[in-house]
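Student: need a 3D model of the sequence below.
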Amino acid sequence: MMVIDERRTQALAVTHARRDADHLRLMIRDNGHGGDPDAMRGYMGSKLIVAFVDRMRGEKAVEAGNGHCATVTFPLQDELPGEG
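Tutor: From the prediction side, this is the model:
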């Protein structure tokens, strides 16, 4: 947990697991105020996630409620797309 200021504490959790033999799932969850994921598309964090997912030929889903949860699933591979 990291303390942003003494009035508010923020938690960020990052977990990963194999979805199946060929895919890895990465979940990034926070306990922020939540909000509409569609309205967040212009923010830097959202842009970075989209760029990462595109680069890895993956899929993403974003949920909001008590904070945000971004789930990224991508294929396991030996080299990055565009290399080799």
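
Student: and for V50, the neighbour number?
Tutor: V50 is flanked by 13 other residues according to other Cβ atoms under 10 Å. Yep, even glycine has a C-beta here, placed from its N, CA and C like the rest.

Student: need the contact list for L76.
Tutor: Going by Cβ atoms under 8 Å, 6 or more residues apart in numbering, L76 touches 18, 22-24.

Student: including secondary structure, distance to R57 and neighbour count, could these go into a markdown table?
Tutor: Converted to a markdown table, the contacts of L76 look like this (DSSP: H, G, I helix; E, B strand; the rest coil; distance: Cβ to Cβ, whole Å; neighbours: other Cβ atoms under 10 Å):
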| residue | secondary structure | distance to R57 | neighbour count |
| --- | --- | --- | --- |
| R18 | strand | 17 | 10 |
| D22 | coil | 12 | 9 |
| H23 | strand | 11 | 14 |
| L24 | strand | 12 | 16 |
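
Student: any chance of the residues you listed in CSV, plus pLDDT and distance to R55?
Tutor: CSV is the format used below for the contacts of L76 (pLDDT from 0 to 100; distance: Cβ to Cβ, whole Å):
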residue, pLDDT, distance to R55
R18, 92, 20
D22, 91, 18
H23, 93, 16
L24, 94, 14
